[in-house]
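> Turn this into a model:
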Amino acid sequence: TDRIFTNVSKGQFAKSADLKKCFGTTNEEEICKIILMKGSVQVSDMERSAQLEATTKEVASMLAAKCVDPASNRPYTVSQIRDAMQRAEFCVHPTRSVKQQFLDCVKLIKSKGFLPIERAKMELCVVCDTAKHEDVVRALEEAGVVSNIDVRKEGDSCDLVILVDPSVFRTVDTIAKDKEICGPRGRLEILQQCVTAEGDVNLASEVERKNKISCRKDGLDGSGHTADGANEELDSDIAALAKETTRAISMKDDTEKNRNDDAGEDGISRPVSLRRSNKKAQKKSKKAKRREKEEAVERQARVDAEKARQAERAARLGLDADVASTRGPGTNESCVDGDTKSCNTCGGAFSPAQYRAHFRSDWHRYNIKLKMSGAAIVSEEEFKRDVGAFFE
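Numbers count the residues shown, from 1 in each chain. Presented below is the predicted three-dimensional model:
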């Protein structure tokens, strides 16, 4: 829509007087152009938080892809990078580019020393004339770009393979494009964007790496062997690695032993939890059976008590129990043949007018109670002879 709102969520349009006061015109098309050119986007707190989180993930992913550990030349994981960023108190900026924030983050982490990190080297190839390769090497060394240069001559062309920090890429590119230094064949090729160590880490390579670090720290003795301090540190590292290996093997043996203990006579290992669940199920079934027996005994006791009460009542009223039981309960002699209905609880036949009244009677309600308790029902004549005795 091209309408101007004062409140979009409530659907309130701006009044002409307000538009005239704020923008100097009431033409909504012109006002839309002014808002688009001079206005600012209003971002909610949730949108701003989501944007900052996305930027943080991009910066951390870039560090994990383009930075390595200086000692092992291996990259860090994203979780390690994010933990270092949090400890270094790095805050992303919503408007700055991700590349610039990546560079600032590397400097901050290195300055605070929370994580040994540096940018991965780039492998470049400077192509020049064979007669000019000495000038190219001299120019690179004077610029302080590289220290080790691999010279590969092939006829009139010469390739200089070098490992450089990404920050000096422009300097190397300038030297490669200089015709006076490299000649007409001068150009720069990128062989590998990020040079990192690959493959799994084993014990031998890890010991060799730590040996080199110790040599750089303590120096070498006259015979070319490592110093005593480096030897002691190397021995301690080897002992620690051997101890960890022994502990892992013992843990594996304990696990296998537990599995064998859990195995049955047929050699099949069965989970302990399954046996426990079966025992619990058996206990529950025993409890249910015992509870059913108790409920049946209680129900029979109630039936016997009700029969004894009815026998006592019949003796008090002078009724014959056998005659009363053989007599159909609820016999209504006044009912004529025809369209009649019977009650499943009390028995007998009722006309349509009497049928509805029967369900509201005390006799029917009392028989319902007797039926629910498991006792025998009474006839209408027995109920009318002594109504009070039934509700005692």
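> Only C-alpha atoms from now on, for both contacts and neighbour counts.
Will do.
> Show me where the stretch 101-250 of the chain has its strands.
118-119, 121-129, 149-154, 157-164, 187-195 (DSSP state E, counting those that start in this stretch).
> Which stretch among these is buried most, on average?
Among the strands of the stretch 101-250 of the chain, strand 121-129 has the highest mean neighbour count (mean count of other C-alpha atoms under 10 Å), at a mean of 23.
> contact partners of that one?
Around strand 121-129, the neighbours that count as contacts under C-alpha atoms under 8 Å, 6 or more residues apart in numbering are 136, 156-166, 176, 182-196.
> tilt between it and strand 187-195?
Orientation of strand 121-129 against strand 187-195 (axes from the mean of the first three to the mean of the last three C-alpha atoms, to 10 degrees) gives an angle of 160 degrees.
> Parallel or antiparallel, list what pairs with strand 121-129.
Applying DSSP bridges, strand 121-129 is found paired with strand 157-164 (antiparallel), strand 187-195 (antiparallel).
> Determine which of those approaches residue 33 most closely.
With respect to residue 33, and counting by C-alpha to C-alpha, the nearest of the strands paired with strand 121-129 is strand 187-195 at 45.4 Å.
> Need the residues that contact that closest one.
66, 120-128, 172-173, 176-177.
> Need those in a markdown table (columns: distance to residue 2).
Listed next are the contacts of strand 187-195 as a markdown table, based on distance: C-alpha to C-alpha, whole Å:
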| residue | distance to residue 2 |
| --- | --- |
| 66 | 47 |
| 120 | 52 |
| 121 | 54 |
| 122 | 53 |
| 123 | 56 |
| 124 | 56 |
| 125 | 58 |
| 126 | 59 |
| 127 | 60 |
| 128 | 62 |
| 172 | 55 |
| 173 | 52 |
| 176 | 56 |
| 177 | 55 |
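> Among those residues, which pair sits farthest apart?
66 and 128 (28.5 Å).
> ok, then the element right after the helix or strand bottoming out on mean pLDDT in the chain?
Among the helical and strand segments of the chain, the one scoring lowest on mean pLDDT, DSSP states H and E is helix 321-326, with a mean of 43. Next along the chain after helix 321-326, taking DSSP states H and E as the criterion, comes strand 341-342.
> Partner strands of that next one and their direction?
Using DSSP bridges, the strands paired with strand 341-342 in its sheet are strand 349-350 (antiparallel).
> Now do the partner strand, average pLDDT.
The pLDDT scores in strand 349-350 average 80.
> Identify the residues contacting the helix or strand that comes right after that strand?
Downstream of strand 349-350, the first helix or strand assigned by DSSP H and E is helix 352-359. Identification of contacts with helix 352-359 by C-alpha under 8 Å, 6+ apart yields 339, 340, 341, 342, 364, 365.
> could you say which helix or strand contains the last one?
I take that to be residue 365. Take DSSP H and E as the rule and residue 365 turns out to sit in helix 362-373.
> which residues touch that helix?
Residues from elsewhere that reach helix 362-373, judged by C-alpha under 8 Å, 6+ apart: 299, 302-303, 345-346, 358-359, 376-378, 380, 383, 390.
> Compute the inter-axis angle for it and helix 352-359.
Going by the same axes, to 10 degrees, helix 362-373 makes 50 degrees with helix 352-359.
> what about dumping the CA coordinates of helix 362-373 to PDB?
Output in PDB follows, covering the C-alpha atoms of helix 362-373 (Å, rounded to 0.1, in the frame of the first residue of the first chain):
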ATOM      1  CA  ASP A 362     -38.600 -44.400  46.100                       C
ATOM      2  CA  TRP A 363     -39.100 -48.100  45.400                       C
ATOM      3  CA  HIS A 364     -37.200 -47.900  42.100                       C
ATOM      4  CA  ARG A 365     -34.400 -45.900  43.600                       C
ATOM      5  CA  TYR A 366     -34.100 -48.400  46.500                       C
ATOM      6  CA  ASN A 367     -33.900 -51.300  44.100                       C
ATOM      7  CA  ILE A 368     -31.100 -49.500  42.200                       C
ATOM      8  CA  LYS A 369     -29.100 -49.300  45.400                       C
ATOM      9  CA  LEU A 370     -29.700 -53.000  46.200                       C
ATOM     10  CA  LYS A 371     -28.700 -54.000  42.600                       C
ATOM     11  CA  MET A 372     -25.500 -52.000  42.900                       C
ATOM     12  CA  SER A 373     -24.600 -53.600  46.200                       C
END
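> Can you list the buried residues in the helix or strand that it is followed by?
As assigned by DSSP H and E, the chain's next helix or strand after helix 362-373 is helix 380-385. Using 16 or more other C-alpha atoms under 10 Å as the test for burial, helix 380-385 gives 380, 382, 383.
> Please apply the same query to stretch 95-103.
98, 101, 102.
> Going by distance to residue 71, which of the residues you listed wins?
Taking these together and measuring to residue 71 by C-alpha to C-alpha, the closest member is residue 102, at 21.2 Å.
> How about the contacts made by the residue nearest to that closest one when sequence neighbours are not counted?
Nearest residue to residue 102, sequence neighbours excluded (C-alpha to C-alpha, 6 or more residues apart in numbering): residue 59, at 5.5 Å. By C-alpha under 8 Å, 6+ apart, the contact list for residue 59 reads 98, 99, 101, 102.
> Name the SS class of residue 59, please.
helix (DSSP: H, G, I helix; E, B strand; the rest coil).
> Relative to residue 67, how far out is it?
Distance of residue 59 to residue 67, given as C-alpha to C-alpha, to the nearest Å: 11 Å.
> Check residue 140 too.
24 Å.
> between those two, which one's more packed in?
Using other C-alpha atoms under 10 Å, the more surrounded residue of residue 140 and residue 67 is residue 67, with 23 against 19.
> Can you tell me the closest non-neighbouring residue to the more buried one?
Nearest residue to residue 67, sequence neighbours excluded (C-alpha to C-alpha, 6+ apart): residue 119, at 4.3 Å.
> With adjacent residues omitted, what lies nearest to residue 198?
Residue nearest to residue 198 in three dimensions, not counting chain neighbours: residue 74, with 7.5 Å by C-alpha to C-alpha, 6+ apart.
> my read: that neighbour touches residue 65, true?
No - contact criterion C-alpha atoms under 8 Å: residue 74 and residue 65 do not qualify, at 10.3 Å.
> No more questions from me, cheers.
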